[in-house]
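J.: mind folding the following:
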Amino acid sequence: MINHPAGPPPAQPSLDLDDGSPPRPGRSLTPLPARRPSRLRAHPELARLAVLLAAFVCAACGLVYELELVALGDYLLGDSVTQTSVVLSVMVFAMGLGSLLAKRFSCRPATAFALVECALALTGGLSVLAVYSCWAWIGRHQAVMVGLTCLIGILIGAEIPLLMTLIQRIRREDAGRAAADLFAADYVGALIGGLAFPFVILPVLGPGSGALVTGAVNAVAGAAVVLWLFREEPAPRVRLLLWGGCGLVLALLAAAAAWSGAVERAARQALYGGQVRTVSQGLRQEIVLTGPAEGPLRLYLDGRLAVCGPDEYRGSEGLVHPAMAAGPDARVLLLGGGDGLALREVLRHRGVRSVLVVDHDPALPRLARTDPGLAALSGRSLDDPRVRTAQADPLEWLRTVRPAPGESFDVVLADLPAPSDGGPVTFHSQEFYGLATRLLAPGGRLAVRGGEEQHGRRGLWQAESGLRAAGLRTVPYAVAGSATASCRPGPEGSQSFLLAAAAQPPLTLAPDAPAPRALTPDTLRSSAARLTALRPLHPPAALTLLGPH
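T.: Prediction:
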């Protein structure tokens, strides 16, 4: 027989549950000091809404950090598929780690959440400047990008478990209902952040300033709101330290914003030299023009040397003159070519009546019109009355255009870099060539770049396979010398091109235009014979939008 002591059972210590309900079996909670809760906590619905709003804003900021890194990786490396895959996969994996680590801090969720948001605001806000600086001065920005992505993902992953604990402290409810509300706020916030990035943040602020502003919003909405709402959790000294930490984060982000212009200028001088004349952020690329106004200039697109003043004529003449000489040339379509250099060569042919230039970024034609050096180099070709311009992605424009009868083109010129030279695969795919072929008039020709031969000829034969799959006959040819030889060290090499038409096109030069400096009929024929002899017995398959790249 078991004897029970007389009298009432001893009182149990009070635990950290605001609604006064007992703890679940096996669960240990850290007691909170007996301090008066915030006034908002007296209205559970408003307090709950404040936590959901914090989840909404933090989710939007987290997705913006992710998209900033994806965009910057695309700018620096020009491979959006690889950058998106790396950032997304590392971020999602790190979020799982963050969710596991958050379990260790659930006893003090408000304090932990404030620390997480301060760290996330600082890391995410400075991430773009950090990666850009490493790219400019160190050159190992891929590892830095992966490391920052992992750290940001861990901090983002810790948010939902901590917010779940906080929302249960306001009013205990079914875990499924609380999780549904939190995830709804999280997903809607991600939607708003994802839409704000391409339409507001990127065009208005750019990647660097956009990340800094996002970090400031993150710090205020995350740490400050939760510390105000759950001010009874941390001790007074800890609470002051947390508020001070939030203020320090905001001060650091403000200082970085003030110095970001100087950092960018110093980085560009390290990359491009001391004569950076013009820097502009286009819709899809950063455009940098260097060199004295009266001397040789260089044009960089997303860090890639696109134009070297003393040598650019080789690439422009090689693309344009053989295509213009092979038949009628009254109506010309120029895809790309916003710098006006290939257009300059087109307009030297007296038979040209109209030229349509389709370029995806209006900033480049605007620079070609307004910069004295680039305008002089292009012969102010964009101001010619025979020229019309259209702002559109060349592939999307080809897909949607419906030319009226009689409005097809005698010559279509794809002034777009080959994949081996840093150009996107989409502009050299079988789909692109097929859509361009629809616009050719009877006897019309299509000319494309095959890339610099020092990078190999696989891209040339892939492009030829795509043109032949579109039903065209092709002839390869090359121009001796690199279009950027004077601006960068390395072998002289040569540039390859492809001329295509429904019937085998002749390879010659037109008598109605000044003789080009880089080409003669003999060098054209000899380069065509050389490349024809080097054509592989089994050429590589054409690039397609759904095939392997």
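J.: which intervals of this protein have sub-threshold pLDDT?
T.: Within the chain, the segments meeting pLDDT under 70 span 1-42, 77-80, 139-140, 274, 293-295, 405-406, 420-423, 454-456, 488-492, 547-549.
J.: and the next helix or strand past the longest helix seen in it?
T.: What stands out as the longest helix in the chain, according to DSSP state H, is helix 236-272. Per DSSP states H and E, the first helix or strand lying C-terminal to helix 236-272 is strand 276-281.
J.: now do the buried residues in that following strand.
T.: By 16 or more other CB atoms under 10 Å, the buried positions in strand 276-281 come out as V276, R277, Q281. In short, each C-beta sits where N, CA and C put it, glycine included.
J.: remind me what it packs against, helices and strands.
T.: helix 236-272, strand 286-290, helix 363-370 (3 or more CB pairs under 8 Å, 6 or more residues apart in numbering; DSSP states H and E).
J.: ok, 6 Å please
T.: Using 3 or more CB pairs under 6 Å, 6 or more residues apart in numbering; DSSP states H and E as the contact test, the elements touching strand 276-281 are strand 286-290.
J.: what angle sits between the strand it packs on and helix 363-370?
T.: On the basis of axes from the mean of the first three to the mean of the last three CA atoms, to 10 degrees, strand 286-290 is oriented at 30 degrees to helix 363-370.
J.: beyond strand 286-290, next helix or strand please.
T.: Counting by DSSP H and E, what follows strand 286-290 is strand 298-301.
J.: packing partners of that next one?
T.: strand 286-290, strand 304-308.
J.: how far does the helix or strand just after the last one sit from its chain's centre?
T.: It refers to strand 304-308. Per DSSP H and E, the first helix or strand lying C-terminal to strand 304-308 is helix 312-325. Distance of helix 312-325 from the chain centroid (CA atoms, centre = their mean, to the nearest Å) equals 31 Å.
J.: and if you look at stretch 507-522?
T.: The answer for stretch 507-522 is 40 Å, by CA atoms, centre = their mean.
J.: equivalent analysis for stretch 48-66, please.
T.: So, by CA atoms, centre = their mean, the centroid of stretch 48-66 is 23 Å from its chain's centroid.
J.: residue contacts, the most centrally placed residue in the chain?
T.: Centroid-nearest residue in the chain: A71, 2.5 Å away (criterion: CA atoms, centre = their mean). Contact analysis of A71 by CB atoms under 6 Å, 6 or more residues apart in numbering lists P207.
J.: got the angle between the strand or helix carrying it and strand 304-308?
T.: Following DSSP H and E, one finds A71 within helix 44-77. Between helix 44-77 and strand 304-308, the angle comes out at 50 degrees (the same axes, to 10 degrees).
J.: how far off strand 276-281 does helix 44-77 point, in degrees?
T.: Going by the same axes, to 10 degrees, helix 44-77 makes 140 degrees with strand 276-281.
J.: buried ones in helix 44-77, by neighbour count?
T.: Those would be 47-48, 50-52, 54-77, for helix 44-77 by 16+ other CB under 10 Å.
J.: same deal with stretch 473-492?
T.: The neighbour-count check on stretch 473-492 (16+ other CB under 10 Å) flags T474, V475, P476, Y477, A478, V479, G481, S482, A483, T484, A485, C487 as buried.
J.: quick check: the residue nearest to the centre of the chain vs L202, distance?
T.: 7 Å (CB to CB, to the nearest Å).
J.: for E453, same thing?
T.: Distance from E453 to L202, by CB to CB: 36 Å.
J.: repeat that for V332.
T.: Separation of V332 from L202 (CB to CB): 33 Å.
J.: ok, now which ones touch A254?
T.: Counted by CB under 6 Å, 6+ apart, A254 has zero contacts.
J.: tell me which strands the biggest strand by length in the chain pairs with, and in which orientation.
T.: Looking across the chain with DSSP state E, the single longest strand is strand 440-452. For strand 440-452, sheet partners with direction are given as strand 409-415 (parallel), strand 494-501 (antiparallel), following DSSP bridges.
J.: restricting to C-alpha, output that strand in CSV.
T.: C-alpha atoms of strand 440-452 as CSV (Å, rounded to 0.1, in the frame of the first residue of the first chain):
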residue,chain,number,x,y,z
LEU,A,440,13.9,35.7,-96.4
ALA,A,441,12.7,36.9,-99.8
PRO,A,442,13.3,34.7,-102.9
GLY,A,443,17.1,34.8,-103.3
GLY,A,444,17.6,36.1,-99.8
ARG,A,445,20.6,35.3,-97.7
LEU,A,446,21.3,34.8,-94.0
ALA,A,447,24.7,35.5,-92.4
VAL,A,448,25.8,34.5,-88.9
ARG,A,449,28.9,34.5,-86.8
GLY,A,450,30.7,31.2,-86.2
GLY,A,451,33.1,32.4,-83.5
GLU,A,452,36.8,32.9,-83.2
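J.: tilt between it and helix 312-325?
T.: Going by the same axes, to 10 degrees, strand 440-452 is angled at 150 degrees with respect to helix 312-325.
J.: next secondary structure after strand 440-452?
T.: helix 458-469.
J.: that next one - contacts with which helices or strands?
T.: On a contact count with 3+ CB pairs under 6 Å, 6+ apart, helix 458-469 meets helix 430-437, strand 440-452, strand 494-501.
J.: doesn't L507 belong to a strand?
T.: No. Counting by DSSP: H, G, I helix; E, B strand; the rest coil, L507 is not found in a strand; it is coil.
J.: quick one: it from L519, how far?
T.: 10 Å.
J.: these two: who's more crowded?
T.: Each of L507 and L519 has its neighbours counted (other CB atoms under 10 Å); L519 has more, 22 against 19.
J.: so the more buried one, which state does it fall into?
T.: coil.
J.: ok, D339 next?
T.: Applying three-state DSSP: D339 is coil.
J.: follow-up on the earlier one: contacts for the longest strand of the chain?
T.: 319, 323, 326-327, 408, 410-414, 418, 420-421, 436, 459-460, 463, 493, 495-501, 505.
J.: A158 contacts A102, correct?
T.: Yes. Between A158 and A102 a contact is recorded at 4.0 Å, counting by CB atoms under 6 Å.
J.: more neighbours: the two, which one.
T.: A158 (27 against 24).
J.: check the gap between the more buried one and L126 for me.
T.: From A158 to L126 the distance is 19 Å (CB to CB).
J.: what do you get for A414?
T.: For A414 relative to L126 (CB to CB), the value is 40 Å.
J.: out of the two, which sits in the more crowded spot?
T.: Neighbours around A414 and L126, counted as other CB under 10 Å, are more numerous at A414. The numbers are 26 against 20.
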